[in-house]
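Enquirer: Dropping the sequence and predicted coords here.
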Amino acid sequence: MIEAQNLTKTYGAKTAVNDITFTVRPGIVTGFLGPNGAGKSTTMRMIVGLDRPTHGSVTVNGRHYADHSSPLHEVGALLDAKAVHTGRSAENHLLALAATHSIPKRRVHEVIELTGLQSVARKRVGGFSLGMGQRLGIAAALLGDPQTLILDEPINGLDPEGVRWVRSLVRSLAAEGRTVLLSSHLMSEMAVTADHLIVLGKGRVIADAAVADVIGGAARASVRVRSPQASVLASTLASPDVTVTHVEHDLLTVTGLDAGAVGDLAARSGIALHELTPMNASLEEAYLQLTNDDVEYRTGSSARDLEVTR
Ligand SMILES: Nc1ncnc2c1ncn2[C@@H]1O[C@H](COP(=O)(O)OP(=O)(O)OP(=O)(O)O)[C@@H](O)[C@H]1O
């Protein structure tokens with residue numbers, strides 16, 4: 001369990017994390033989301049004692065990270081996969097870490113196997129691809145068999161097989177009753193990996209809810225409807241609470257009515273339908289809607305224009 005209470009971090013005039021309070025519960029995967037610069041990494045660093053809060057506090061299993069006598073057994077963290085001595089082999093890197101906590105060699109070989117690094121374990125980390133580096137970072141996080149895992153963008157650089165592997169790994173760790181906090185900018189992956197989401201925007205918590213509630217609360221589901229009489233259908237459906245958008249000459253997207261209601265109204269007016277598909281809102285849509293006012297770095301009309309808002 002991770003508990004943050006009025007957690008705040010300022011760097012000079014910049015408030016990176018602004019008075020946030022949240023709990024990350026065991027037994028589920030909690031996704032940690034937010035636009036670039038929202039304060040996710042700063043929060044994660046404070047959880048593992050790499051940054052000191054300006055105000056407030058954060059504990060892991062009831063204690064500050066530094067107060068745990070054996071922190072690697074308590075919390076495993078992947079914060080920066082590149083923060084590794086590049087001249088060492090993966091195996092030696094893990095052995096050195098293990099030695100600080102009297103973790104047996106056997107466990108080092110277990111995590112090498114678990115993360116699929118057997119064939120490169122004796123190779124210099126400096127020559128690793130981004131994906132292999134991520135796997136090594138995950139291996140280091142798992143070394144102490146900790147109850148709590150904090151993974152900052154673990155799927156960054158992984159190929160599809162690796163992404164799927166991380167998904168099943170974190171889901172199985174949570175199913176064992178562990179606490180898992182995971183950040184990623186890949187919404188489609190977060191939607192299938194996380195149970196719960198904490199969303200930051202400009203250093204504040206803007207959502208703390210189950211994934212389904214975040215999607216349902218922010219984005220409206222729509223209905224895709226195809227008809228040879230699309231224009232007539234659009235006028236039939238029109239009302240102040242219903243939005244109808246022409247996608248193609250015979251294709252409409254309708255929000256504000258469910259598929260059944262669209263079908264009933266069309267039948268009553270004798271309008272033929274060639275397609276009627278309920279479209280679930282995606283986490284990406286919900287997320288973009290939710291964070292719209294909290295994006296610090298926004299891409300302008302030209303992809304190269306970087307405009308700083310607010
Ligand atoms: N050491 C530091 N000194 C000054 N400002 C910092 C420092 N670390 C972070 N910041 C600022 O604090 C804010 C939050 O940064 P942070 O890295 O926590 O965001 P993030 O949500 O992890 O972003 P990203 O998704 O890009 O990784 C940013 O505006 C960043 O520039």
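Expert: Alright, I've got the coordinates.

Enquirer: Check whether Leu151 really touches Val170, as I assumed.
Expert: Yes: at 7.1 Å, Leu151 counts as touching Val170 under the criterion of C-beta atoms under 8 Å. For every residue, glycine as well, the C-beta is placed using N, CA and C.

Enquirer: Neighbour count: the two, which is higher?
Expert: Neighbour totals were compared for Leu151 and Val170, and Leu151 leads with 26 against 23 (other C-beta atoms under 10 Å).

Enquirer: So that one lies in a helix, does it not?
Expert: No: counting by DSSP: H, G, I helix; E, B strand; the rest coil, Leu151 falls outside a helix, being strand.

Enquirer: Can you report how many residues lie near Gln134?
Expert: 24.

Enquirer: Revised request: answer the last question for Arg124.
Expert: Arg124 has 15 neighbouring residues, counting by other C-beta under 10 Å.

Enquirer: Next one: it relative to Ser57, how far apart?
Expert: Arg124 is 40 Å from Ser57, where distance means C-beta to C-beta, to the nearest Å.

Enquirer: Please apply the same query to Thr245.
Expert: According to C-beta to C-beta, Thr245 stands 48 Å off from Ser57.

Enquirer: Look up how far the ligand lies from Ala90.
Expert: For Ala90, the distance to the ligand equals 25 Å [C-beta to the nearest ligand atom, to the nearest Å].

Enquirer: And the helices in the protein?
Expert: Counting by DSSP state H, the segments of the chain that form helices are 40-47, 71-74, 90-99, 105-114, 130-142, 160-175, 187-193, 211-218, 230-237, 259-268, 283-291.

Enquirer: what do Leu151 and Val170 both touch?
Expert: 180, 182 (C-beta atoms under 8 Å, 6 or more residues apart in numbering).

Enquirer: Kindly report the residues of the stretch 151-300 of the chain close to the ligand.
Expert: By C-beta under 6 Å from any ligand atom, no part of the stretch 151-300 of the chain sits against the ligand.

Enquirer: my guess is Asn280 meets Val223, correct?
Expert: No: in this structure Asn280 lies outside contact range of Val223 using C-beta under 8 Å: 10.7 Å.

Enquirer: Who has more neighbours out of these two?
Expert: More crowded of Asn280 and Val223, by other C-beta under 10 Å: Val223, with 23 against 11.

Enquirer: residue contacts, the more buried one?
Expert: Neighbouring residues of Val223 by C-beta under 8 Å, 6+ apart: 253-255, 257-259, 262, 276-279.

Enquirer: can you tell me which two in those residues are farthest apart?
Expert: Pairwise distances across those peak at 14.4 Å for Thr255 and Leu276 (criterion: C-beta to C-beta).
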